[in-house]
Each structure stands twice: as C-alpha cells, then as structure tokens.
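let me see the structure of the following:
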Amino acid sequence: TQSLEPAVRPGCGGMHGSGTIAFGLWNARPPVFTHPLPMVATVILGMLCVHLLCFSTMFLLISKRLDGNRMGMEVFALGNLLLGVAYALQLVGGVADHRAIGFINHTMTLGAPVAYALGAARFFNRPVPVLRPLLAVAGLYTAAQLLVQFTLGTQARHAMLAGACALLFLAMVVALLYGMRSFAKDMRAEMTVFAVLIAGICGLNAAKLVMILHSGLPALDMNSGFQTVFYVYMSFLGTVLPPCMVWLVLRRLTDELRVMATQDPLTGLLNRRGLMACLEMHFRSRTAGNAHLLIVDIDHFKRINDTHGHQMGDLVLGRVAQVLQATARKGDLICRLGGEEFLVVALDIEPAGVFLLAERLREAISHSEVPSISAQGPIRCTVTIGVSESFSHPQALDAVLQQADAALYRGKESGRDRVESAFAPLPLPA
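Sure thing, here's the model as predicted:
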C-alpha cells in the first residue's frame with residue numbers, strides 16, 4: 001500500500017514545468033515496504049558465501065600440511081567450495097531461476113553434502129573415491145532436473161531439491177548415530193553435536209518441501225520469514241561446523257602423537273613410557289592387586305638376523321609379539337623393551353599362576369613359526385623368560401626389572417628355552 005505526499009513544496013524551484021508532471025510530482029510519495037528488513041536473507045546469504053569460501057581455503061591449506069593421511073580435509077574444502085559457489089549463483093540468478101544457472105546451482109547444492117559425506121568417510125580411514133561419485137551424482141541429478149523441469153515445471157524441480165537434501169541429511173544423521181556405537185565410540189560427544197546440527201538442516205529442508213508443495217514458488221521468496229530462518233541457520237552451521245572439523249583434526253593428531261609416544265612402531269606393543277602410564281593407572285585403583293614382571297628374550301636372535309636378514313628378523317619380532325598378545329591373559333600389559341626383549345606384566349596374579357603363565361608363553365612361542373622363502377623352510381625360535389617377585393606400585397618397576405633380568409641371565413646360562421624366576425615357584429602340576 002502506498003500513500004502520496006508532496007514531492008515539491010510551494011516556494012521551491014520546478015513549479016513552472018508541465019501541469020500534469022507537476023501534479024504527479026506534487027502528489028508523489030515514496031513506497032512503504034511491508035517487510036521492515038527486506039534484504040536480510042540476501043545479506044545473510046552473501047555472508048554465508050564468504051564464510052564457505054574462506055573455510056574452503058582454510059581446509060585446503062590444512063590438507064596441504066597433513067602429509068600422507070589428509071583426513072578428508074581436501075574433500076571438505078571441495079564441499080564448501082561447491083556450496084559457496086551454488087549460493088553465489090543463487091544471488092546472481094535468483095531463487096526460482098529456470099535458466100542454466102539455476103540447474104547448475106541445484107546440482108552444486110546437492111553435490112556439497114555428498115562431498116561432506118565422502119570427506120567424513122575419509123576422516124574415519126575409509127579409502128572411498130571422490131571424483132567419480134561426485135560426477136555420477138552431478139550427471140544423474142542434472143538429468144533428473146531436466147526431466148522434471150520439462151514435465152512438471154519449476155516448482156517440482158525446487159521441491160525435488162528440498163526433498164533430496166532432506167533425505168541426504170537424514171542419512172547422514174543415521175550414519176552419525178550408528179558411528180557412535182561402532183567406528184566413532186571415542187567421539188560420542190562430537191558425533192552427538194554433529195547429529196543434532198545436521199538434523200536441524202534436515203528438518204528445515206523437509207519443511208521447505210512441504211511449503212513448496214503447498215504454496216508453490218512464493219514459498220521461496222527471499223523476503224519471507226522462513227527463508228530468513230533457513231539462511232540464518234545455514235550461516236550458523238557455516239560458522240560452527242568448520243571449527244568443529246578443525247577440532248576433530250587436532251584431536252586425531254594428538255591421539256596419533258600419543259600413540260607414537262607410547263607404542264613401539266614395529267610391533268604395536270607398548271613401549272616403556274606407555275607401560276609406565278598403564279602401571280600408574282592400574283595401581284591407582286584401590287582394588288589393584290600385586291603384579292609380576294616377566295622378561296621374554298628371544299634365543300639366538302642375532303643368528304636369525306645374520307642367517308635370514310634383518311627383514312626376516314623384524315618378522316620374527318612381530319610374530320613373537322602376536323603370540324604374546326594371543327597367549328597372555330586379558331588385561332596383562334605387554335611391552336617391547338628393545339631389541340629382542342619383551343616385557344609382560346601379569347596383573348592381579350599369584351606366584352604359582354605367574355609361573356604357569358610364563359610356561360604357557362614359552363611353549364606357545366616355541367610352536368610358532370614365520371614363513372620363509374629360503375630353502376631352510378619356516379623360521380622357528382625359542383625364548384627364555386625371567387620372572388620377578390611381586391610388586392604393588394609403579395615406582396618398583398626398576399627393581400623388579402633387575403630381578404627378572406637376573407633370573408633371565410640364569411636361564412640363559414642354564415641352556416635357554418626355559419623359565420627362571422626370582423622366587424621359588426610351586427611345583428607344576430603333572
């Protein structure tokens with residue numbers, strides 16, 4: 001609705017023009033808009049484009065710094081780029097543009113969440129391809145758009161995009177909830193946050209589908225309250241999700257550094273630093289019982305290296321580590337001390353039980369073998385094991401290590417392939 005007010009006041013210049021024009025100017029009044037902020041959604045959409053393109057650049061730079069495993073950051077950068085360009089095209093061509101720019105906009109809008117899903121798969125170490133799935137989705141969806149546009153019209157094409165996005169985001173929410181119980185058990189809080197945020201955009205796309213089907217293309221008016229809410233939420237996601245992804249990358253990197261600091265790279269067993277950390281955690285419990293330390297030393301390991309080469313020697317070390325893990329009790333700590341020496345810390349065990357455990361470990365290793373391509377056939381090895389007295393705090397590790405080492409030395413002097421202890425063991429059952 002408009003009302004009129006004088007545009008030229010009496011006494012001012014311009015009163016000698018045409019009568020009709022003067023009358024029109026006299027009665028002209030500026031239009032009064034029914035929407036107080038008609039450009040809110042447009043401004044928000046423009047800011048969202050800038051956010052997406054900036055974070056796309058940041059993700060790409062992060063991926064360049066990650067040697068080897070890029071954790072899907074380059075794919076997240078591609079997803080942000082697709083969505084940022086799609087929204088830029090929407091600003092240029094309008095929401096209900098049925099020209100080629102509109103088809104490209106819709107294809108890129110749907111391709112962005114597909115790229116996010118592929119990036120998430122790579123983050124969780126799933127070696128999925130990227131370009132082929134994206135190109136397949138782009139080709140199929142563009143063909144579907146053309147078919148729908150020429151058979152059902154522009155309204156149906158927009159409804160198809162809203163419905164496809166809602167289904168895609170719903171699948172992502174389901175995958176996140178499943179991941180909390182399977183491949184992302186250590187990230188339940190983060191997966192919950194992502195699931196809630198993505199569920200919000202899923203609900204908004206479902207609501208947009210209903211509104212398009214009910215009201216037609218006017219539901220896409222950029223000045224409508226729904227569009228403002230939609231793009232405010234999208235801008236919120238564009239601000240919150242990228243820092244969340246950076247946090248996940250930092251957490252993954254710190255976890256990897258922690259593993260590197262506490263595990264032996266060849267066998268995957270604990271190193272001494274990791275063993276100390278686990279001992280401190282165990283003895284911190286009030287119900288923790290006594291523990292015994294076993295040193296497991298491979299007999300004549302230098303001969304294996306000299307005869308078969310260091311590569312086969314590494315395979316022997318790996319095989320012994322596997323046997324120790326498979327034969328020790330659940331909860332026992334296994335560590336590679338260095339070279340051909342391993343440690344097994346038997347927790348909450350009596351002296352008679354630890355001697356039986358040591359015999360079981362020795363026998364299991366003596367019956368194992370490492371395949372070899374040489375004419376000598378598979379490689380077998382034996383071990384000598386030294387057992388310490390019991391201890392009940394991590395600060396005693398050095399003392400019991402000396403006890404077990406002395407027992408190990410006696411075992412080596414007595415012929416190897418045997419168990420020696422720093423205490424008098426109970427006789428083994430017949």
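
now do the helices in the stretch 201-350 of the chain.
With helices called from DSSP state H, counting those that start in this stretch, the stretch 201-350 of the chain shows them at 225-262, 272-283, 301-308, 310-327.

how about CSV for those, with mean neighbour count added?
C-beta: built from backbone N, CA, C; applies to glycine. Listed next are the helices of the stretch 201-350 of the chain as CSV, based on neighbours: other CB atoms under 10 Å:
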stretch, mean neighbour count
helix 225-262, 15
helix 272-283, 17
helix 301-308, 15
helix 310-327, 17
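
now the residue nearest in space to the middle of the chain: how far from Asn80?
Closest residue to the average C-alpha location of the chain: Phe123 at 4.1 Å, with CA atoms, centre = their mean. To Asn80, Phe123 is 15 Å away according to CB to CB, to the nearest Å.

do Met71 as well
15 Å.

same check, this time on Ala117
Ala117 is 14 Å from Asn80, by CB to CB.

please apply the same query to Ala291.
Ala291 is 52 Å from Asn80, by CB to CB.

these two: who's more crowded?
Asn80 (28 against 25; other CB atoms under 10 Å).

packing partners for the helix or strand in which that one is found?
Using DSSP states H and E, Asn80 sits within helix 73-93. Here helix 73-93 touches helix 40-65, helix 100-123, helix 225-262, going by 3 or more CB pairs under 8 Å, 6 or more residues apart in numbering; DSSP states H and E.

Ala404 is nearest to which of the ones you listed?
Closest of the helices and strands packed on helix 73-93 to Ala404 is helix 225-262, at 21.4 Å (criterion: CB to CB).

which secondary structure elements does that closest one contact?
helix 40-65, helix 73-93, helix 188-215, helix 272-283.

can you give me the angle that helix makes with helix 100-123?
Angle, helix 225-262 to helix 100-123, by axes from the mean of the first three to the mean of the last three CA atoms, to 10 degrees: 30 degrees.

neighbours around the nearest residue to Gly289 once chain neighbours are set aside, how many?
Excluding the flanking residues, the one nearest Gly289 by CB to CB, 6 or more residues apart in numbering is Asp348, at 3.8 Å. By other CB under 10 Å, 15 other residues sit near Asp348.

list the contacts for Asp348?
By CB atoms under 8 Å, 6 or more residues apart in numbering, the contact set of Asp348 is Ala288, Gly289, Asn290, Ala291, Gly331.

I'd say Leu52 and Leu78 touch.
No: judged on CB atoms under 8 Å, Leu52 makes no contact with Leu78 at a distance of 11.4 Å.

what about those two, which has more around it?
Set side by side, Leu52 and Leu78 show more neighbours around Leu52, with 26 against 23, by other CB under 10 Å.

quick revisit: which of the contacts of Asp348 count as buried?
The neighbour count (16 or more other CB atoms under 10 Å) marks Asn290, Ala291 as buried among the contacts of Asp348.

which one of the contacts of Asp348 is nearest Leu61?
Gly331 (43.8 Å).

now that closest one: closest residue in space that isn't a chain neighbour?
Gly331 sits nearest to Leu347 (CB to CB, 6+ apart), 5.8 Å away.

what about Val148, distance to Arg157?
For Val148, the distance to Arg157 equals 5 Å [CB to CB].

more neighbours: those two, which one.
Set Val148 next to Arg157 and count neighbours by other CB under 10 Å: Arg157 wins out with 23 against 18.

tell me the contacts of the more buried one?
His98, His106, Gln145, Val148, Gln149 are the contacts of Arg157 under CB under 8 Å, 6+ apart.

check Glu280 too.
Contacts for Glu280 (CB under 8 Å, 6+ apart) come out as Pro394.

what's the distance between it and His393?
To His393, Glu280 is 9 Å away according to CB to CB.

over to Asn105?
Using CB to CB, we find Asn105 at a distance of 67 Å from His393.

who has more neighbours out of the two?
Taking neighbours as other CB under 10 Å, Asn105 and His393 compare with Asn105 leading, 24 against 13.

burial count for the residue nearest to that one when sequence neighbours are not counted?
In space, and not counting its chain neighbours, Asn105 is closest to Leu89: 4.3 Å by CB to CB, 6+ apart. Using other CB under 10 Å, Leu89 has 20 other residues around it.

quick one: low-confidence ranges for the chain?
The chain contains residues with pLDDT under 70 at 1-39, 41, 94-98, 375, 424-430.

just give the nearest non-adjacent residue to His292, would you?
That would be Val354: by CB to CB, 6+ apart, it lies 4.1 Å from His292.

contact partners for that neighbour?
Residues in contact with Val354 (CB under 8 Å, 6+ apart) are His292, Leu294, Ala346, Val387, Ser421.

assess the claim that the second one and Leu347 are in contact.
No: using CB under 8 Å, Leu294 is not in contact with Leu347; the gap is 11.8 Å.

the more surrounded of these two?
Leu294 (28 against 17).

now that one: how far from Ala422?
11 Å.

between these two, what contacts are shared?
Here Leu294 and Ala422 have Gly386, Val387, Ser388, Ala404 as joint contacts, going by CB under 8 Å, 6+ apart.

neighbour-wise, which of those leads?
Ser388 (29 neighbours).

and it, what are its phi and psi?
As for Ser388, its main-chain torsions (degrees, to the nearest 10) stand at phi -90, psi 170.

how far does stretch 348-361 sit from the chain's center?
41 Å (CA atoms, centre = their mean, to the nearest Å).

dump it to CSV, keeping only the CA atoms.
Extracted in CSV, the C-alpha atoms of stretch 348-361 (Å, rounded to 0.1, in the frame of the first residue of the first chain):
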residue,chain,number,x,y,z
ASP,A,348,46.5,-59.5,40.0
ILE,A,349,48.1,-62.9,39.9
GLU,A,350,49.6,-65.2,42.5
PRO,A,351,53.2,-66.7,42.2
ALA,A,352,52.0,-70.1,41.1
GLY,A,353,49.8,-68.5,38.4
VAL,A,354,52.6,-66.4,37.0
PHE,A,355,54.9,-69.3,36.6
LEU,A,356,52.2,-71.2,34.8
LEU,A,357,51.6,-68.2,32.5
ALA,A,358,55.3,-68.0,31.8
GLU,A,359,55.5,-71.6,30.7
ARG,A,360,52.4,-71.2,28.5
LEU,A,361,54.0,-68.2,26.8
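
would you mark the buried spots in it?
Ile349, Pro351, Val354, Phe355, Leu356, Leu357, Ala358, Leu361.
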